[in-house]
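A.B. asks: Return a 3D structure for these sequence lines:
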Amino acid sequence: MSPTVHALDRARAPQPENLKPSRAEVEAAFRTIIRWTGDRPERDGLLETPARVTRAFEEFFSGYDQDPAEILEKTFEEIEGYDEMIVLRGIRFESHCEHHMAPIIGQAWVAYIPNGRVIGISKLARIVDVYARRLQILEKMTAQIANTINEVLKPQGVGVIIKASHHCMTTRGVHKPDTDLVTSRMLGCFRDNALTRQEFLGMAT
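C.D. replies: Next up, the predicted model:
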């Protein structure tokens, strides 16, 4: 049997559901969407749009290709016994809701109290970005950020607050443009100690 026949057999064989589509398949899907809207993907203004949108989606959802635990692996232990709250405030992020793929635009406040070691502050922002660049709901994203920091760094406590505008309800549906959603996740001493929690909440308002 020729190699060509073998290749055809493999092409006809059932493919795993989690097999990532090719770039050509994604671009073809966007051309279909353009036709569905009533426009023509062949016209000059839209000719390169499928390729551009595919590249944009690669950026929007790049968090799937990153391991958040690896970001937190490098820590610093020379902290002179520092054991007070560390807070990175107003971390801007862009995400997309998993129900409508509409943008979620917001800010995150991430805090922890170290237990003998700290991480570089940029790593807190990167953790937010990794989870934001996936299809999300804000409640899940908030928990994921806090849980990952807690599991990898093992601090005395972790607090995460997120405030965001959801375009799935500001630019469509109920059309409430002046609303935002606030979620929080408190672990360790942030959950158990009311004063610690209040101190953090005061920094995030």
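
A.B. asks: can you map out the helices along the chain?
C.D. replies: Assigned by DSSP state H, the chain shows helices spanning 3-12, 23-37, 49-60, 68-71, 121-132, 138-153, 167-170, 189-192, 194-203.

A.B. asks: which strands and helices sit next to the longest one?
C.D. replies: Which is helix 138-153. Using 3 or more CB pairs under 8 Å, 6 or more residues apart in numbering; DSSP states H and E as the contact criterion, the elements in contact with helix 138-153 are helix 68-71, strand 103-113, helix 121-132, strand 157-166, strand 181-188. Heads up, the C-betas are built off the backbone N, CA and C, glycines and all.

A.B. asks: Mind putting those into JSON lines with distance to E27 and mean pLDDT?
C.D. replies: Formatted as JSON lines, the entries for the helices and strands packed on helix 138-153 read as follows, by distance: least, CB to CB, whole Å; pLDDT from 0 to 100:
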{"stretch": "helix 68-71", "distance to E27": "29", "mean pLDDT": "93"}
{"stretch": "strand 103-113", "distance to E27": "22", "mean pLDDT": "97"}
{"stretch": "helix 121-132", "distance to E27": "25", "mean pLDDT": "97"}
{"stretch": "strand 157-166", "distance to E27": "28", "mean pLDDT": "97"}
{"stretch": "strand 181-188", "distance to E27": "33", "mean pLDDT": "97"}
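
A.B. asks: Which stretch among these is buried most, on average?
C.D. replies: Ranked by mean neighbour count under mean count of other CB atoms under 10 Å, the helices and strands packed on helix 138-153 are led by strand 157-166, which reaches a mean of 24.
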